[in-house]
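[1] just to be clear, the model below is a prediction. Sequence and coordinates:
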Amino acid sequence: MSEVNDLLSAYEDILKLPWKNNLSGAEKVWFVVYDPANERRIRLRLSEFELKTIQGGFKWLHTDITKFFADWMTKLDYREAYFENPEDMDPMLEEFSEFVIGQILDVLDKGDEKSIAAITGISSLFGITHASKVIEGITSNIAGRLLVFFPGRYDGSVYRLLDARDGWNYLAVPITAN
């Protein structure tokens, strides 16, 4: 079986478990952890995750954050100057983090206790802001579950985005192909 098939199966199994609604926001986060080389395969089969969600009796809400940096940059007055001197942008990256958090919160606002808000494109944050910062900024607003498609590695309770940076400990439920 392929990693994606195994992940779909593991996701389906998790959907069958009873939901506790008294969890903290951080405990309502699910990470679908996969080899970064499988990013395109995951995206190609995203509709299968959606179908399993709907068949499980849940509402599917999806947002792809891949283009958020470009969307945010187009609104900046001094974007051309930032391209000439990228280090000048460092103080502005806090605003980008807030932009991403705001966009995801808009999606979460459309959900309820029976909703799964899925996020793809988390790797597009790499080198710009920390995924952990964004996720921590939205956890208090999760009514149902937040499903983060996470290209990287999970070891114990440590998540490593793209296998490239020091990981962080997180309370999220891992969905792995093991």
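    It's in.
[2] shaky segments in the chain?
    Scanning the chain for pLDDT under 70 picks out 1, 79-83, 86, 88-89, 163-169.
[3] try it again with 90
    1, 19-22, 26, 69-96, 126-133, 152-174, 178 (pLDDT under 90).
[4] nearest the middle, which residue of it would you pick?
    Val148 (3.2 Å; C-alpha atoms, centre = their mean).
[5] in three-state terms, how would it be classified?
    Following DSSP: H, G, I helix; E, B strand; the rest coil, Val148 is assigned to strand.
[6] measure it to Gly121 for me?
    Val148 sits 10 Å away from Gly121, going by C-beta to C-beta, to the nearest Å. Backbone N, C-alpha and C define where each C-beta goes, glycine included.
[7] Arg40 now?
    Taking C-beta to C-beta, one finds Arg40 at 12 Å from Gly121.
[8] between those two, which is the more surrounded one?
    Taking other C-beta atoms under 10 Å, Arg40 and Gly121 do not tie; Gly121 has more neighbours (17 against 8).
[9] nearest spatial neighbour of that one, chain-adjacent residues omitted?
    Nearest residue to Gly121, sequence neighbours excluded (C-beta to C-beta, 6 or more residues apart in numbering): Thr66, at 3.4 Å.
[10] so that neighbour sits in a strand?
    No: per three-state DSSP, Thr66 lies outside any strand segment and is coil.
[11] isn't it up against Ile119?
    No: judged on C-beta atoms under 8 Å, Thr66 makes no contact with Ile119 at a distance of 10.2 Å.
[12] of these two, who's got more company?
    Set Thr66 next to Ile119 and count neighbours by other C-beta under 10 Å: Ile119 wins out with 24 against 14.
[13] contacts for the helix or strand containing that one next, please.
    Element membership for Ile119 (DSSP states H and E) is strand 115-120. With contact meaning C-beta atoms under 8 Å, 6 or more residues apart in numbering, strand 115-120 is reached by 42-43, 46, 49-50, 53, 58-66, 104, 107-108, 111, 142-149.
[14] ChimeraX command for the buried members of these?
    Listed next is the ChimeraX selection for buried residues among these, using 16 or more other C-beta atoms under 10 Å:
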select :42,46,49,50,53,58,60,61,62,63,65,104,107,108,111,142,143,144,145,146,147,148,149
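[15] which residues are in contact with stretch 11-23?
    So stretch 11-23 is contacted by Trp30, Val32, Phe49, Lys52, Thr53, Gly56, Phe58, Glu113, Gly144, Arg145, Val173, Ile175 (C-beta under 8 Å, 6+ apart).
[16] which SSE is Gly152 in?
    strand 145-155.
[17] next, the angle from that strand to strand 115-120.
    On the basis of axes from the mean of the first three to the mean of the last three C-alpha atoms, to 10 degrees, strand 145-155 is oriented at 50 degrees to strand 115-120.
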